[in-house]
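S.K.: need the 3D shape of this:
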Amino acid sequence: MDHKEKLRELLITAAKQSASDLHIAVGRRPTVRVDGVLVPLQKEQIVTPEIAEGLVLGLLSEKQKERFFRDKQLDFAYSFEDKARFRVNVYFQRG
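M.R.: Next comes the predicted model:
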(Lines give C-alpha, C1' and ligand atoms only; values in the text may rest on other atoms or scores of the structure.)
Protein backbone atom coordinates (compact mmCIF):
# COMPACT_ATOMS: atom_id res chain seq x y z
CA MET A 1 0.00 0.00 0.00
CA ASP A 2 1.21 3.48 -0.87
CA HIS A 3 0.51 5.26 2.42
CA LYS A 4 1.06 8.76 1.04
CA GLU A 5 -1.45 8.14 -1.75
CA LYS A 6 -3.95 6.64 0.72
CA LEU A 7 -3.63 9.70 2.97
CA ARG A 8 -4.13 11.95 -0.07
CA GLU A 9 -7.32 10.02 -0.96
CA LEU A 10 -8.63 10.29 2.61
CA LEU A 11 -7.98 14.05 2.77
CA ILE A 12 -9.73 14.57 -0.58
CA THR A 13 -12.69 12.52 0.64
CA ALA A 14 -12.85 14.58 3.82
CA ALA A 15 -12.78 17.82 1.83
CA LYS A 16 -15.48 16.64 -0.58
CA GLN A 17 -17.74 15.81 2.37
CA SER A 18 -17.03 19.19 4.01
CA ALA A 19 -15.64 17.36 7.02
CA SER A 20 -14.02 19.31 9.82
CA ASP A 21 -11.96 16.33 11.03
CA LEU A 22 -10.47 13.09 9.78
CA HIS A 23 -9.93 10.44 12.45
CA ILE A 24 -7.55 7.53 11.93
CA ALA A 25 -7.60 4.91 14.69
CA VAL A 26 -6.43 1.31 14.75
CA GLY A 27 -9.30 -1.15 14.69
CA ARG A 28 -11.73 1.28 13.05
CA ARG A 29 -12.46 2.56 9.59
CA PRO A 30 -11.20 6.08 8.82
CA THR A 31 -13.92 8.43 10.06
CA VAL A 32 -14.86 12.00 9.18
CA ARG A 33 -16.73 14.53 11.30
CA VAL A 34 -19.46 16.24 9.30
CA ASP A 35 -21.68 18.79 11.05
CA GLY A 36 -20.54 17.40 14.42
CA VAL A 37 -21.42 13.80 13.54
CA LEU A 38 -18.76 11.08 13.19
CA VAL A 39 -19.26 9.16 9.94
CA PRO A 40 -17.14 6.03 9.26
CA LEU A 41 -15.99 5.76 5.65
CA GLN A 42 -17.63 2.43 4.83
CA LYS A 43 -15.65 1.87 1.63
CA GLU A 44 -12.37 2.00 3.54
CA GLN A 45 -10.77 -0.95 5.27
CA ILE A 46 -10.31 -1.13 9.00
CA VAL A 47 -7.03 0.51 10.00
CA THR A 48 -4.33 -1.90 11.14
CA PRO A 49 -1.33 -0.86 13.26
CA GLU A 50 0.81 -1.06 10.11
CA ILE A 51 -1.50 1.20 8.12
CA ALA A 52 -1.71 3.75 10.95
CA GLU A 53 2.06 3.79 11.31
CA GLY A 54 2.56 4.20 7.57
CA LEU A 55 0.08 7.08 7.37
CA VAL A 56 1.61 8.89 10.34
CA LEU A 57 5.28 8.37 9.49
CA GLY A 58 4.68 9.51 5.93
CA LEU A 59 3.79 12.95 7.30
CA LEU A 60 6.75 13.42 9.64
CA SER A 61 10.25 14.76 9.17
CA GLU A 62 13.12 12.90 10.84
CA LYS A 63 13.17 15.41 13.68
CA GLN A 64 9.41 15.03 14.20
CA LYS A 65 9.76 11.22 14.19
CA GLU A 66 12.34 11.46 16.96
CA ARG A 67 10.04 13.65 19.06
CA PHE A 68 7.04 11.41 18.35
CA PHE A 69 8.79 8.23 19.47
CA ARG A 70 10.33 9.95 22.49
CA ASP A 71 7.20 11.74 23.72
CA LYS A 72 4.62 9.22 22.39
CA GLN A 73 2.58 12.13 20.96
CA LEU A 74 3.05 15.07 18.62
CA ASP A 75 1.10 18.12 17.49
CA PHE A 76 2.07 19.73 14.18
CA ALA A 77 0.74 21.38 11.03
CA TYR A 78 0.58 19.66 7.65
CA SER A 79 0.27 21.49 4.33
CA PHE A 80 -1.62 19.50 1.69
CA GLU A 81 -0.60 20.19 -1.89
CA ASP A 82 -0.36 23.93 -1.13
CA LYS A 83 -4.17 23.98 -1.05
CA ALA A 84 -4.98 23.34 2.60
CA ARG A 85 -3.30 23.28 5.97
CA PHE A 86 -4.26 20.83 8.69
CA ARG A 87 -3.65 20.68 12.42
CA VAL A 88 -2.55 17.17 13.30
CA ASN A 89 -2.35 15.35 16.60
CA VAL A 90 -0.85 11.88 16.66
CA TYR A 91 -0.32 9.72 19.71
CA PHE A 92 0.31 6.21 20.89
CA GLN A 93 -2.56 4.56 22.63
CA ARG A 94 -2.04 1.59 24.96
CA GLY A 95 1.68 1.48 24.32
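S.K.: any idea how far residue 40 is from residue 17?
M.R.: 12 Å (Cβ to Cβ, to the nearest Å). Using the backbone N, CA and C atoms, a C-beta is placed for each residue, glycine as well.
S.K.: which residues are contacting stretch 24-44?
M.R.: Contact with stretch 24-44 is made by 10, 13-14, 17-23, 45-49, 52, 55-56, 93, as judged by Cβ atoms under 8 Å, 6 or more residues apart in numbering.
S.K.: show me which positions of it end up buried.
M.R.: Within stretch 24-44, the residues that count as buried by 16 or more other Cβ atoms under 10 Å are 24, 29-32, 41, 44.
S.K.: ok now that stretch, how far from the chain's centre?
M.R.: 11 Å (Cα atoms, centre = their mean, to the nearest Å).
S.K.: can you get me the start-to-end distance on that stretch?
M.R.: Distance across stretch 24-44, first residue to last, is 11 Å (Cα to Cα, to the nearest Å).
S.K.: wasn't residue 78 part of a helix?
M.R.: No: counting by DSSP: H, G, I helix; E, B strand; the rest coil, residue 78 is located in no helix; its state is strand.
S.K.: which residues pair with it across the strands?
M.R.: residue 86 (DSSP bridges).
S.K.: need the buried residues of stretch 24-44 in a markdown table with pLDDT and secondary structure, can you?
M.R.: Output for those, formatted as a markdown table (pLDDT from 0 to 100; DSSP: H, G, I helix; E, B strand; the rest coil):
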| residue | pLDDT | secondary structure |
| --- | --- | --- |
| 24 | 93 | coil |
| 29 | 97 | coil |
| 30 | 95 | coil |
| 31 | 96 | strand |
| 32 | 93 | strand |
| 41 | 96 | coil |
| 44 | 96 | coil |
